[in-house]
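> My questions concern the predicted model and sequence given below.
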Amino acid sequence: MSANQTIEDHGLLRFLTCGSVDDGKSTLIGRLLFDTKTILADTLNAIEKTSQKRGLGAVDLSLLTDGLQAEREQGITIDVAYRYFSTGTRKYIIADAPGHEQYTRNMVTAASTANLAIILIDARKGVLTQTRRHSKLASLVGIPHLVVAINKMDLVDYSQETYEKIKADYLAFAAKVGIDDVRFIPLSALNGDMIVERGEALNWYEGPTLMEILEAVPAAHTEHAEKFRFPVQYVCRPQDSANPELHDYRGFMGRVESGSIKVGDQVTVLPNGLESTVKAVQIGGVDIGAAFTEQSVTILLADEIDCSRGDMIVKTAEAPAAVKEIRATVCWLAEAPLDRARTYLIRHTTRDSKAKLTAIDHRLDVNTLENLPADKLAMNDIAEVTFKLAQPLFVDPYTENRGTGAFIVIDESNNNTVGAGMIL
Amino acid sequence: MTQRKTLSHLDWLEAEAIHIMREVAGQCANPVLLFSGGKDSICMLRIAEKAFRPGKFPFPLMHIDTGHNYQEVVAFRDKRAAELGERLIVRSVEDSMKRGTVVLKHEGESRNKHQSVTLLEAIEEFGFDACIGGARRDEEKARAKERIFSFRDEFGQWDPKNQRPELWSLYNARSHKGENIRAFPISNWTEMDVWQYIEREKLELPSIYFAHTRPVVIRQGAIVPVNVPLVSGELTNLPKAGEQIIDKLVRFRTVGDISCTAPVESDADTVEKIVVETATTTITERGATRLDDQTSEASMEQRKKEGYF
């Protein structure tokens, strides 16, 4: 018997945990892995030994997220770590972002692929500056589902009053910054209450456990972007093949960023604007007839049309804007500040264009959430800016389509990725 | 909102891996896919078929052979490459030893970590600008923090403190001459995903992944295979004086250099049984089977900094 033949497969959910070690973030992740039986005996033995060595009474689940030697030496977390668990019906990828001063850069990175964010609040401390910062960033990067987890309920006697007070505070803040889809849950990661098991101490809470929330959230990454967008990654032309049937084969390979496509659909190739009809949709040379968001496929067209990497196939009736100037929210990721005099490379879908900054509208203070005037952009800064482009890009607003609304900025002198942008 | 279809978790992982391989092909001038004949790289070949057929792969396959690989795996490697009609390059640690670029501390030292030297020599010989590898983030904590597109300098070194930010699915494979990108399409797969994929795709594997009887000794608590025939017919992993050889029913969860991969006791002789066993095991893949990672807590991180996959 196979483990998954009879059980439904609810796909894969990527989520992000935001908070510092003090909020019990590592303990929460440890608890999720432990209660879903992802942690195996040898790993548990190792953390038991370390817990004893450090003179701790109980097993410290936060040790599970202990990282690299380089990190242990400096006592900090350097980078986003990815962890995995599965419930049998769904696979999960946790992006665990560290909480020190590079937080903005790391959190934006971790959030870019997440479909849900868990924002941890210490029940003793309530809504803090960092809670507001995490929430704002999560909403800026377009994470569709937010869960505010009020942790350490065991340290406030599982008080419903405390929970309700924090919830009211958070809602007041959320209304101000325009966050509307948010769920609240009280929990104790240390004791495991309301994570996988309900526990005994929070009987006044009638909502779902954290795991029930995770199991029920839609897995699809973008939920309102239905326009078909197919950036071409690679063109397959097996002319030299011994099979004469393949001599005219021209397969446009890529991943469906959004929407769906089927044989017979009328499409336009950008930038040349030529139209054709979909002749076949394939995976590995096998016809599958149709494809939808996030599938990697090969599209064959009825007409011989020039099309190469960097081009985009769209449905004729719903072409995106071709622009040579973009306004965007940019998070600067590099130590060297953005230099107005320099030319950068912008990578958008599979297409590159040279770009120059023309204006900084304002910078966001991630602590006060105020917009401030700015004339430069340093690491971890977030700002609304305008870039002038050498080549046209085919864009949608980020809030409509993460795939065609996002770009990265590359410094060609060292090839580093120095900025992340979301088109307005 | 319209009701949307959801990809199953294996379909999602496969689609992501295809996308990554095509990005390598689209962005890099001269990539190579590392193929050892092990289960992870066997999955990678199926992904490459789905990514590029009916065309040929836009990269050759390459194996860095320590000379201490299981006969069955080496035979499988050659057979699979021939079936696919793709070019297989084999570069050998023993040739690096002859050149004097690999010097073993003693004759019995594991050659596993020395693969890095041979790999870097092969990268230079062929001018590869990217190596596609089958490493997974669930294997080990250094890998949990490595990018899908991992930049390596001229010495092949990984610098964990200076990684390129990797956002959305916008990968940056740019490098200057002499530098190198390592791309890991199945980063987000777990051991369980790999076995489920092998089951779904009905992939053939080297026989030593399935339960079989072989002579072993118990050394420091680990099952160590002994008197293992090399491709040359010569026996390696000879028992030490006083060790008692026993025949055990075992299988390998991971295969690699003979000196550092140990089998586990198992009667799972089909993929279906292995899937069930993987779901109920209590020991991690590397914990059970990699003798080299137990030496030091940070040994994978250290090897990666020295140019390892």
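Alright, I've got the coordinates. Computed from a predicted structure; not experimentally measured.
> What segments of the stretch 51-200 of chain B are strands?
B:61-65, B:88-92, B:130-132, B:149-152, B:180-183 (DSSP state E, counting those that start in this stretch).
> immediately after the lowest-mean-pLDDT helix or strand in chain A, which helix or strand?
Every helix and strand in chain A was compared by mean pLDDT, DSSP states H and E; the lowest is helix A:69-74, with a mean of 58. Along the chain past helix A:69-74, the next helix or strand (assigned with DSSP states H and E) turns out to be strand A:81-86.
> Direction included, what does that following strand pair against?
The strands beside strand A:81-86 in its sheet (DSSP bridges) come out as strand A:91-96 (antiparallel).
> which residues sit against the partner strand?
Contact with strand A:91-96 is made by A:11-17, A:25-26, A:29, A:32, A:65, A:80-86, A:110-111, A:113-114, A:214, B:9, B:188, B:190, B:193, as judged by Cβ atoms under 8 Å, 6 or more residues apart in numbering or on different chains. In this view, the C-beta of every residue, glycine as well, is placed from N, C-alpha and C.
> Show me the helices in chain B, by range?
With DSSP state H as the criterion, chain B has helices at B:9-27, B:39-52, B:71-84, B:93-99, B:115-126, B:191-201, B:271-280, B:285-289, B:299-305.
> average pLDDT across the fifth one?
Same thing as helix B:115-126. Per-residue pLDDT values over helix B:115-126 give a mean of 94.
> ditto for the last one
For helix B:299-305, mean pLDDT is 69.
> swap in the first one?
In this model, helix B:9-27 has a mean pLDDT of 97.
> Over to the shortest one?
Confidence over helix B:285-289, taken as the mean pLDDT, stands at 62.
> With adjacent residues omitted, what lies nearest to residue 19?
Defaulting to chain A. Distance criterion Cβ to Cβ, 6 or more residues apart in numbering or on different chains; nearest residue to A:Gly19, sequence neighbours excluded, is A:Leu120 at 3.3 Å.
> oops, chain B please
Spatial nearest neighbour of B:His19, chain neighbours left out: A:Arg255 (4.6 Å); criterion: Cβ to Cβ, 6+ apart.
> From A:Val232, how far out is the one you found?
As defined by Cβ to Cβ, to the nearest Å, A:Arg255 lies at a distance of 10 Å from A:Val232.
> what's the burial count for B:Pro31?
Each residue near B:Pro31 was counted by other Cβ atoms under 10 Å in any protein chain shown, and the total is 21.
> One more: A:Ala201?
Per other Cβ under 10 Å, the neighbour tally for A:Ala201 reads 16.
> Let's verify it: helix, strand, or coil?
coil (DSSP: H, G, I helix; E, B strand; the rest coil).
> from memory it sits against A:Leu190, does it?
No. Applying Cβ atoms under 8 Å, one finds A:Ala201 not in contact with A:Leu190, separated by 11.6 Å.
> what sits in contact with each of those two?
With Cβ under 8 Å, 6+ apart, A:Ala201 and A:Leu190 have common neighbours A:Asp154.
> Which parts of the stretch 201-309 of chain B are strands?
With DSSP E, counting those that start in this stretch, the ranges of strands along the stretch 201-309 of chain B come out as B:212-219, B:222-225, B:228-229, B:235-236, B:246-251, B:264-265.
> if we can go back for a sec, the residue nearest to B:His19 touches B:Ala15, doesn't it?
Yes. The pair A:Arg255 and B:Ala15 qualifies as a contact (Cβ under 8 Å) at a distance of 6.5 Å.
> anything in contact with each of the two?
Contacts common to A:Arg255 and B:Ala15, judged by Cβ under 8 Å, 6+ apart, are A:294-296.
> For the stretch 301-424 of chain A, which residues are neighbours of chain B?
When proximity is defined by Cβ under 8 Å from any Cβ of the partner chain, the stretch 301-424 of chain A lies next to chain B at A:309, A:333, A:347-350, A:402-403, A:406-408, A:410, A:412, A:415-417, A:420.
> What's the PyMOL line that selects buried ones from the residues you listed?
Applying 16 or more other Cβ atoms under 10 Å in any protein chain shown to those leaves a buried subset, and the PyMOL line that selects it is:
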select buried, chain A and resi 309+333+347+348+349+350+402+403+406+407+408+410+415+416+417+420
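> Could you confirm the residue nearest to A:Gly19 falls within a strand?
Yes. When classified by three-state DSSP, A:Leu120 is found to be part of a strand.
> partners of the helix or strand A:Val314 falls within, with directions?
Secondary structure assignment for A:Val314, by DSSP H and E: strand A:312-315. Within its sheet, strand A:312-315 is paired with strand A:229-236 (antiparallel), strand A:266-270 (antiparallel), according to DSSP bridges.
> Can you check the pLDDT for the residue nearest the centre of chain B?
Geometric centre of chain B, nearest residue: B:Gly134, 5.4 Å, by Cα atoms, centre = their mean. Confidence at B:Gly134, expressed as pLDDT, is 95.
> my guess is it meets B:Ile47, correct?
No. At 9.6 Å, B:Gly134 does not count as touching B:Ile47 under the criterion of Cβ under 8 Å.
> Need the overlap of contacts for those two.
With Cβ under 8 Å, 6+ apart as the test, B:Gly134 and B:Ile47 both reach B:185-186.
> Low-confidence bits of chain A, can you list those?
Applying pLDDT under 70 to chain A flags the ranges A:1-7, A:20-21, A:39-44, A:55-78, A:99-102, A:220-225, A:240-241.
> looking at it, which residue lies furthest from center?
With distances taken from the mean C-alpha point of chain A and given as Cα atoms, centre = their mean, the most distant residue is A:Pro244, at 44.1 Å.
> Format the strands of the stretch 201-309 of chain B as TSV; extra columns: distance to B:Ser150, mean neighbour count and mean pLDDT.
Listed next are the strands of the stretch 201-309 of chain B as TSV, based on distance: least, Cβ to Cβ, whole Å; neighbours: other Cβ atoms under 10 Å in any protein chain shown; pLDDT from 0 to 100:
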stretch	distance to B:Ser150	mean neighbour count	mean pLDDT
strand B:212-219	34	16	95
strand B:222-225	30	18	91
strand B:228-229	33	16	93
strand B:235-236	32	14	92
strand B:246-251	31	16	96
strand B:264-265	30	16	92
